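Novice: build me a model:
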Amino acid sequence: MTFRHKTTVMTLGVMTALLSCTKEFNDIDPQILPGSSFLFESESFGVAVSHHQVGVVRTDNLNQFQLGHIEDPVYGKLSATFTTQVSLPLNYVNIFGTVNADTEANGTQSDTVDKPAHDEQETVTAVWLEIPFLTNQRDSDGDGVIDALDVDPNDPTSDSDGDNLSDTEESRNPNLNPLNPDTDGDGINDDVDEDTLHPDAGANSYEINSVYGDLEQVRFQIHKSDYYLRTLDPNANFEEGQAYYSDFDLLQLGHAPTVLFDGDITLDFNEIVTYKEDDPTTEDVDESEEVDERLSPRLRIPLQNTELFQEILDKEGGVELDSNEAFQMYFQGLVMSIAESSPILMQLNFSAGQLMVEYDYQKLVLKEEGDATVQEDYIVEAASSSLTLSMSGIRFNTFAQTGFSADVMSAVSGNDNQENIYLKGGPGIMAQIDLFSGISGQVLLEELQSRPWLVNEANLILYVDQTQTALMGDIAQPERLYLFDATNHVPIIDFDIDDSGGNYSDQIKINYGGIPQYDDANNIVSYKFRLTKHLSNLLRNPEDFENVSLGLSVTSNILNIANTTTLNDVEVPASMIGNPLGTVLAGPNHSNPDLRLKLEVFYTEYEE
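Specialist: Okay, here's the model as predicted:
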C-alpha cells in the first residue's frame, strides 16, 4: 500500500485558486485501505455570476426598519420613511385619571360611599415620541469595559484609563471607574487615592449601532396618518393578510397631512437617567438625588402638536377606546421621516418605540379623617399620570432608491464581463452564483460525479474590491453576507447543520461563514463561505440533489431566513431588505487574478 500527496490547481473557465485544510486521514473508511492509494488534492472550478435588482418589495413583514437617507457614488441614494400603527396598552380599560367617565359624571353611591360627581379634567402637558437606538454592550474579555471603549478588548488586564489599575480590578470595585483615572475628580489618581467614591456607580456604557452619518442635529418630521391600514386583503376575500410595498408613500399620496413635529433634534447617545421626587416628610434624605430609572440611549422627540392627544383623553368612555382595533380605526398611525437636509440613516429599535402622553388631572380624594358617606368630606388634589401608546401593529418602510452607477446598471442588465459582484441592501441588488453552469459545466459535473471523491472542504471566498468600496467613502461595509439556495429560496445544508452560536453575529454559524475578514488597518478584505456538505451531496448523491443556483445578499440578521416578495412575486431574503449597506466584491473575471472569486475544493481521491 502506498500513499502519495499531490496538490493540483486547475483553472477552468472563470475560477481561481483555493485555501484551507483537509480532513484527518483517520476519517476515511478503514475498509477501503488495503491495496489502495489516496491522493489528497485541491482544485478550482468555473462559476457564473449574475445580478438581480430588487426594486419594489413588500416591507410590512420585516424585523428591521430604516429611517433617513444614505448616499454614495456607487449605489446612489436610498431614502427610507417609516409608517406604523399605534396601539393601546395591554389590558387597557378605557380610564384616564383614577375613575372612568361614568363615575366622573355620576359619582359613586352605596351603603358605605357617597362620592359626588367630579370632572377630573385630564389635560395633556406633553407628548414624547421615544425610540431606543440599537445598542450593544459587548465585552469580549469580561473585564467590565465594553469593547468599543476598551483599549484592548481581548485582554482583561488592560488599563483603558491609564491609571495603573486594570479594567477588571476597577470594574469589580464599585467605587472605581475603569474609564476615568480620577473617579471622584479630587485630583488624585485612583491608584493612589485611598478614599474614592464613584459619583455614579450604576452608570452604563453603550455602543450605538446602525446610525450611518455624522450629524449632531437631525431634522425629524412626524405626521399623523389619515389612512386606515387594514389587516386583511379584500381582493383575497379577506382570507389573506394585506401586503404593503415599498412604493406605498402616504406622504406623497396626501394621506398624512397633519404635522405632529417638524424640527431639529440633537442626538444624544448617552444613557438617560431620571431621579425620584423628594419626599418632604423625610427631612434627612433628599430623594431627588436618588436614581429612579436608567434608560438606554434613545430618540426623544417632543411632539409639537398635542391637540390630537388631548382629543384622545376627551374620548374617555367612548367607543373609540373600547378595543385596540377601534382605536386604530380612530387614530390611524404615524409616518416618520427625516428631512432631505439631514443626510443620515438610522436603524432603530422600533419594536420598543412608544408615545408617552403626559397629563395632569384633578383627583377627588377623601380628606383626612373624613366620612366616605359625606360628599362634603371629599377634596380635590392635583395629580399627574401618563398614557403609553406602543408603536405596534402594521409597520412598513417606504423606499426611494435612485442613482445606481453605470457599472452597477451594466451588471444588473447582464452586459458586464463579471468583473465585480455588486451587493446592496434595502430595495437594492443581490447576486446569483451558478456552479458548473452551462453545457460545459454540466459535462464537468457529471465527470466529477463519476470520480471516487471524498470532499474534505469546499469554500467560496469573495474578496472585497477595495478600489471600488473606497469610492463609497466612510459608509460602513456589511458585517455579514448570506449565501442560500436561490432555486428553492431556503438556506443551503451547510447553514442548517452549523449549530455554532453566541450573542453576536460573528459568533453564529461561524463554520458556514459569511463573516468579514479584516486587514491590519481594520478594513474588510474578504468573506468566506463553507459549502462542503452542499458540494458533497451534489457529487455523491446526484439523484437526490440538484445543482441549484446560489443566492448572495447582505443580511441584517443571519438567523432570519424568512423571505419577502417583490412586486412581481420574486422571493428575496427579508434580512436583505432590512440592511441598508452595500459592498463591491471581485467577480470571477476581475482584473486582479489574486482577487477573483474562488471555489476551493479539497478532497481525497481513492485509487486502486
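
Novice: just the CA trace of the lengthiest helix in the chain, in PDB.
Specialist: Identified as the longest helix of the chain according to DSSP state H is helix 438-449. What follows is helix 438-449, C-alpha atoms only, in PDB (Å, rounded to 0.1, in the frame of the first residue of the first chain):
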ATOM      1  CA  GLY A 438     -23.900  25.900 -18.900                       C
ATOM      2  CA  ILE A 439     -23.400  22.900 -21.000                       C
ATOM      3  CA  SER A 440     -19.600  22.600 -20.300                       C
ATOM      4  CA  GLY A 441     -20.300  23.000 -16.600                       C
ATOM      5  CA  GLN A 442     -22.800  20.100 -16.700                       C
ATOM      6  CA  VAL A 443     -20.400  17.900 -18.500                       C
ATOM      7  CA  LEU A 444     -17.700  18.700 -15.900                       C
ATOM      8  CA  LEU A 445     -20.200  18.000 -13.100                       C
ATOM      9  CA  GLU A 446     -21.100  14.600 -14.500                       C
ATOM     10  CA  GLU A 447     -17.400  13.800 -14.800                       C
ATOM     11  CA  LEU A 448     -16.800  14.700 -11.200                       C
ATOM     12  CA  GLN A 449     -19.700  12.700 -10.000                       C
END
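
Novice: what's the following helix or strand after that helix?
Specialist: strand 453-463 (DSSP states H and E).

Novice: can you give me the helices in the stretch 1-150 of the chain?
Specialist: 101-106 (DSSP state H, counting those that start in this stretch).

Novice: swap in the chain?
Specialist: Under DSSP H, the chain gives helices at 101-106, 167-171, 307-314, 324-330, 406-413, 438-449, 466-469, 493-497, 532-540, 574-577.

Novice: angle of the longest helix of the chain against helix 532-540?
Specialist: 90 degrees (axes from the mean of the first three to the mean of the last three CA atoms, to 10 degrees).

Novice: tell me which strands and helices helix 438-449 is in contact with?
Specialist: Contacting helix 438-449 under the criterion 3 or more CB pairs under 8 Å, 6 or more residues apart in numbering; DSSP states H and E are the following elements: helix 532-540. Heads up, the C-betas are built off the backbone N, CA and C, glycines and all.

Novice: show me what the helix it packs on is packed against.
Specialist: Looks like helix 532-540 contacts helix 438-449, strand 453-463, helix 493-497 (3+ CB pairs under 8 Å, 6+ apart).

Novice: please tell me how far S437 sits from V570.
Specialist: Counting by CB to CB, to the nearest Å, the gap from S437 to V570 is 20 Å.

Novice: neighbour count winner among these two?
Specialist: The neighbour comparison of S437 against V570 (other CB atoms under 10 Å) goes to S437, with 21 against 15.

Novice: how near is the more buried one to V408?
Specialist: Note on S437: its distance to V408, by CB to CB, is 22 Å.

Novice: kindly report the same for D147.
Specialist: From D147 to V408 the distance is 34 Å (CB to CB).

Novice: those two - which one has more neighbours?
Specialist: Neighbours per residue, other CB under 10 Å: of D147 and V408, the larger number sits with V408, 23 against 16.

Novice: the more buried one contacts I429, correct?
Specialist: Yes: between V408 and I429 there is a contact at 6.9 Å, judged by CB atoms under 8 Å.

Novice: excluding its backbone neighbours, what's nearest the residue of the chain positioned farthest from its centre?
Specialist: Distance from the centre of the chain peaks at V374, with 58.9 Å (CA atoms, centre = their mean). Leaving aside its sequence neighbours, V374 sits nearest to D114 (CB to CB, 6 or more residues apart in numbering; 6.8 Å).

Novice: again, but for L552
Specialist: A431 (4.4 Å).

Novice: who's the one you found bridged to?
Specialist: H51, L552 (DSSP bridges).

Novice: any idea how far the residue farthest from the centre of the chain lies from K115?
Specialist: Distance of V374 to K115, given as CB to CB: 10 Å.

Novice: now A400, nearest residue through space, not along the chain?
Specialist: Nearest to A400 is S79, by CB to CB, 6+ apart, at 4.4 Å.

Novice: quick one: residues contacting the one you found.
Specialist: Contacts for S79 were tallied using CB atoms under 8 Å, 6 or more residues apart in numbering; they are 68-69, 340, 399-401.

Novice: equivalent analysis for Q468, please.
Specialist: Per CB under 8 Å, 6+ apart, neighbours of Q468: 74, 420, 584.

Novice: got the residues you listed as TSV, with neighbour count columns?
Specialist: Shown next, in TSV, are those (neighbours: other CB atoms under 10 Å):
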residue	neighbour count
V74	22
N420	26
V584	27
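
Novice: which one among those gets closest to E170?
Specialist: V584 (43.4 Å; CB to CB).

Novice: please determine how far the nearest residue to the closest one once chain neighbours are set aside is located from L599.
Specialist: Distance criterion CB to CB, 6+ apart; nearest residue to V584, sequence neighbours excluded, is Q468 at 3.7 Å. Between Q468 and L599 the distance, using CB to CB, works out to 22 Å.
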